[in-house]
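Trainee: Give me a 3D structure for the following:
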Amino acid sequence: MMRSGARISGVGLVMTFAGALGAGSAWGREVPRPLRGIVMGDRHRAVTPVVLNNVAFDSISSFSSLPYLLWPAAEDATGLPAKNGEAVRAWLASCAAPLGFEGFEPRYVETYPWRENDVLSFELVRHGIVLHDARVLVHFRGETFLGIQSHLDGRIVGIEDPAPADAPNDLRRYYAVRAGDGAVRIIPVTETRVKREDRTIATLNGASGVLETRVYLDPASGEEPQGAQITEYVVPQGTFPDQISVDENGIVWFSQPNNNSLTSFDPVTTVFTQHNTSPGSGPDGMIVGTQGRVWSGMYFSGGLGWYDSISGTMHNVASPYTPSAMAIPVETSDGSVWVTDHQYNKISEFNPVTRQWIRTVNMPTPNCWVVQGHEDTDRGQIYFTEYNANKLGRIALGGNTVTDINTLGGGPAFCVYSNNKVYYSRWNEPGMGVYDVISGTVTEYQFPVNNESGGPMWLRPNGDIVFGTRNRGYIMIFDVETATFTSHQIPTPNPALKDGLTVGADNVIWFTESGVNKIAKLVDGPACTGNESIKKAGCRTKSGDRRSLVVKLVGGAPGDTFTVSLNTGETTSGVIDATGKGKGKFSRTAGDAGTATARWGCGATDSEGYTCP
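Mentor: You can find the predicted model right below:
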């Protein structure tokens, strides 16, 4: 999907494997390394033994009590199928009961790569009709059987077959309808597809009307435009860069849970600095909030921590309950910080002024794996993703009750609110979901690159949505006006994106490549001219002690974005005009002095002092 015009810089990291599974692979009571990342929070889930065809497996569950991800309990297990579509199909067919698809037969579809694995994909059929969005994926590394991903939205509690007079099989589907948490009832539906210019709109229609709408964009709409540039930076200390954010001064921050560190990166000097979170441990989710505070949930020790980047001090507060594994914070417009707890099914609100916990709310769906939240600032509500439950949760600012909203499946992972819609990534599906706050409808959009499941995401200043994918590795940008994607392939193959993606005020996209210990930025606007500079930063008198500070920019690329910030923290942004110029204005008072810093979207920076007489 990459055109020759795209430019990539940075040095790739070569990974070698010893044997079929790789050095350090773990078998038994922990998810093997080649299967990690398939299930969100895989290493923090209970492991359950399962027997398939007289072979002992270990497994973890996700969307129901059924085993979702399974692997042989012994590395030298026998009785496993060879890497052959028909052999695996026949082997799976006799596992229908323990895997939960009784009444359906597996049918081989394709083999595709997932990171370093080869995946044999099987759909589930009954009377020649496919069960929508259900599949069984069998992973191999070389010729070695690794494990099974059995993707069903819930345990089947009933099957209704179509009438003989219904539409022919190529228009029929079986569809899983919720029958309580973790359970589904299978009904017949008819699929309608309408082709419109660069997309196909598919609807699934049941007796009660439209059950699901999905948009399939033509591959051409996902092609990468010329001029995009991805730059990668190897993290020199520690491992596993996780979530990422950018502060108002353009400094990039990311968490390193394995090293108890919140790490800053200066894009100008390219200097990394680690900030220890002790006694808090396992800084997981992370955001940059107001007043120079970098917030993080302490997953290992429990509690909430923040690093004050102005004073250079670290603070920790214990969780209001035990045990806890606080994860991802969100700062809201009323000044509070909410933080999720995946494992213990709670969200908690913290007051940064009093440094006291305000409330803890239990999620209404048990074991929903609440991931992350984002505020609907138009209505004063926070939306949270619930991965296990395939739901969104909504709570009012200062509220005590979460209202659950059903999605269409795929494991909602991360979300952002923009212009009356909640966009969310689908961890186990190649696409995103869109919940319309006004109509209450959900529409799904498939990514323009196959087999790229959703992961981290964030919002651009203009409202466009950015996603990172978790297989080969792409950055997908969704234009909310045209409802189209552009895709940018990450230079390092299989970078194992997980949670970290953000967008700075200058429109630059930053993301973590957790599996290869890198951070990276994507600049998809005009390239720098090399002549970007501040021509003048000067004050003029308005009236009395009031002064107007004007910062004039020159030498930029037309159409590039810019942000001008003062050392006091105030910022303003804009777009470079056709002559390469831009302008930032600030209200000041007589006697004020400081430094203005300009950052262009292409990555250029310049600073200039000013004095207001």
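
Trainee: how close does L501 get to F511?
Mentor: Distance, L501 to F511, using CB to CB, to the nearest Å: 4 Å. Placement of C-beta: from N, CA and C, glycine included.

Trainee: Overlap in contacts, those two.
Mentor: Both L501 and F511 are contacted by I244, P456, G468, I475, under the criterion CB atoms under 8 Å, 6 or more residues apart in numbering.

Trainee: Sitting in strands, which of those residues do you find?
Mentor: If you go by DSSP state E, the shared contacts of L501 and F511 have I244, P456, G468, I475 in strands.

Trainee: how about the first one, what does it touch?
Mentor: Looking back up the chat, that one is I244. V252, W253, F254, S255, M286, G500, L501, T502, W510, F511, T512, I519.

Trainee: Could you list the low-pLDDT ranges of this protein?
Mentor: Scanning the chain for pLDDT under 70 picks out 1-28, 165-169, 220-227, 527, 603.

Trainee: Centroid-nearest residue for it?
Mentor: Centroid check for the chain by CA atoms, centre = their mean gives P456 as the closest residue, at 1.6 Å.

Trainee: Against F467, how distant is the residue lying closest to it once chain neighbours are set aside?
Mentor: Of all residues not flanking P456 in the chain, L501 sits nearest, at 3.7 Å (CB to CB, 6 or more residues apart in numbering). L501 sits 7 Å away from F467, going by CB to CB.

Trainee: about what we covered before: tell me which of the shared contacts of L501 and F511 is nearest to L397?
Mentor: P456 (24.8 Å; CB to CB).

Trainee: Which parts of the chain are helices?
Mentor: Along the chain, the segments classed as helices by DSSP state H run 85-93, 96-99.

Trainee: what's the longest one packed up against?
Mentor: Counting by 3 or more CB pairs under 8 Å, 6 or more residues apart in numbering; DSSP states H and E, the packing neighbours recorded for helix 85-93 are strand 105-114, strand 117-126, strand 129-141.

Trainee: Of those strands, which is nearest D560?
Mentor: strand 105-114 (36.6 Å).

Trainee: Might you report the residue contacts of the residue nearest to the centre of the chain?
Mentor: Taking CB under 8 Å, 6+ apart as the test, what P456 contacts is 243, 413-414, 425, 467-468, 497-501, 511-512.

Trainee: Same question for L262.
Mentor: Going by CB under 8 Å, 6+ apart, the list of residues near L262 reads 253-256, 274-275, 277, 283, 286, 294, 296, 305, 307.

Trainee: Could you rerun that using 6 Å?
Mentor: S255, H275, P283, V294, Y307 (CB atoms under 6 Å, 6 or more residues apart in numbering).

Trainee: now swap in A596 and tell me
Mentor: Counted by CB under 6 Å, 6+ apart, A596 has contacts A537, V551, V564, L566, E608, Y610.

Trainee: distance of the fifth one from R199?
Mentor: It refers to E608. The gap separating E608 from R199 is 47 Å, by CB to CB.

Trainee: Dump the contacts of L262 to CSV, plus neighbour count.
Mentor: As requested, these are exported to CSV (neighbours: other CB atoms under 10 Å):
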residue, neighbour count
S255, 32
H275, 19
P283, 32
V294, 27
Y307, 25
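
Trainee: what are the bridge partners for V434, then?
Mentor: Bridge pairing for V434 (DSSP bridges) gives the partners Y423, T443.

Trainee: V184 now?
Mentor: Going by DSSP bridges, V184 forms beta bridges with I156, R178.

Trainee: Contact partners for it?
Mentor: Applying CB under 6 Å, 6+ apart to V184 gives the contacts D153, G154, I156, A176.

Trainee: ok, the residues you listed vs N419, which is closest?
Mentor: Using CB to CB, the contacts of V184 come closest to N419 at D153, 29.0 Å.

Trainee: close enough to count as contact, Q229 and V523?
Mentor: Yes. Under the criterion of CB atoms under 6 Å, Q229 makes contact with V523 at 4.9 Å.

Trainee: Settle it for me: which of the two has more neighbours?
Mentor: V523 (23 against 18; other CB atoms under 10 Å).

Trainee: What separation is there between the more buried one and N507?
Mentor: Per CB to CB, V523 is found 8 Å from N507.

Trainee: that older thread, how much space between the residue nearest to P456 and G182?
Mentor: For L501, the distance to G182 - CB to CB - is 30 Å.

Trainee: Ramachandran coordinates for T482?
Mentor: Backbone torsions for T482, taken as degrees, to the nearest 10, come to phi -100, psi -10.

Trainee: Numbering from 437 from now on, please.
Mentor: Shifting the count to begin at 437 puts that one at T918.

Trainee: ok, how many other residues are close to it?
Mentor: T918, neighbours per other CB under 10 Å, totals 10.

Trainee: Save the contacts of A1032 as CSV, and put in distance to M762 and neighbour count too.
Mentor: Output for the contacts of A1032, formatted as CSV (distance: CB to CB, whole Å; neighbours: other CB atoms under 10 Å):
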residue, distance to M762, neighbour count
A973, 43, 24
V987, 41, 25
V1000, 36, 27
L1002, 34, 21
E1044, 42, 17
Y1046, 42, 21
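
Trainee: any idea which of these is closest to A832?
Mentor: Using CB to CB, the shortest approach to A832 within these belongs to L1002, at 35.1 Å.

Trainee: got a list of what that closest one touches?
Mentor: L1002 sits in contact with G1030, A1032, where contact means CB under 6 Å, 6+ apart.

Trainee: That one and Y871: what is the separation?
Mentor: 38 Å.

Trainee: What count of nearby residues applies to T965?
Mentor: Neighbourhood size, T965 [other CB under 10 Å]: 16.

Trainee: sorry, that was for D915
Mentor: D915: 15 neighbours (other CB under 10 Å).

Trainee: From Y669, how far off is the nearest residue to it once chain neighbours are set aside?
Mentor: Nearest residue to D915 in three dimensions, chain neighbours excluded: D900, at 5.5 Å (CB to CB, 6+ apart). As judged by CB to CB, D900 and Y669 stand 24 Å apart.

Trainee: Compare these two (neighbour count), which wins?
Mentor: Y669 (20 against 17).

Trainee: Which phi and psi values does the residue at the greatest distance from the centre of the chain adopt?
Mentor: Here the centre of the chain is the reference, and by CA atoms, centre = their mean the most remote residue is G980, at 50.7 Å. When read as degrees, to the nearest 10, the backbone of G980 gives phi 60, psi -130.

Trainee: thinking again about what came up before, in JSON lines, list the contacts of P892 along with neighbour count and distance to T1033.
Mentor: Below are these laid out as JSON lines (neighbours: other CB atoms under 10 Å; distance: CB to CB, whole Å):
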{"residue": "Q679", "neighbour count": "29", "distance to T1033": "25"}
{"residue": "A849", "neighbour count": "26", "distance to T1033": "35"}
{"residue": "F850", "neighbour count": "28", "distance to T1033": "30"}
{"residue": "S861", "neighbour count": "30", "distance to T1033": "33"}
{"residue": "F903", "neighbour count": "30", "distance to T1033": "30"}
{"residue": "G904", "neighbour count": "29", "distance to T1033": "28"}
{"residue": "L933", "neighbour count": "27", "distance to T1033": "30"}
{"residue": "K934", "neighbour count": "23", "distance to T1033": "31"}
{"residue": "D935", "neighbour count": "27", "distance to T1033": "29"}
{"residue": "G936", "neighbour count": "25", "distance to T1033": "25"}
{"residue": "L937", "neighbour count": "25", "distance to T1033": "24"}
{"residue": "F947", "neighbour count": "33", "distance to T1033": "24"}
{"residue": "T948", "neighbour count": "30", "distance to T1033": "25"}
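
Trainee: can I get those in JSON lines with distance to Q925?
Mentor: JSON lines is the format used below for the contacts of P892 (distance: CB to CB, whole Å):
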{"residue": "Q679", "distance to Q925": "22"}
{"residue": "A849", "distance to Q925": "21"}
{"residue": "F850", "distance to Q925": "21"}
{"residue": "S861", "distance to Q925": "18"}
{"residue": "F903", "distance to Q925": "13"}
{"residue": "G904", "distance to Q925": "12"}
{"residue": "L933", "distance to Q925": "12"}
{"residue": "K934", "distance to Q925": "18"}
{"residue": "D935", "distance to Q925": "20"}
{"residue": "G936", "distance to Q925": "18"}
{"residue": "L937", "distance to Q925": "15"}
{"residue": "F947", "distance to Q925": "13"}
{"residue": "T948", "distance to Q925": "17"}
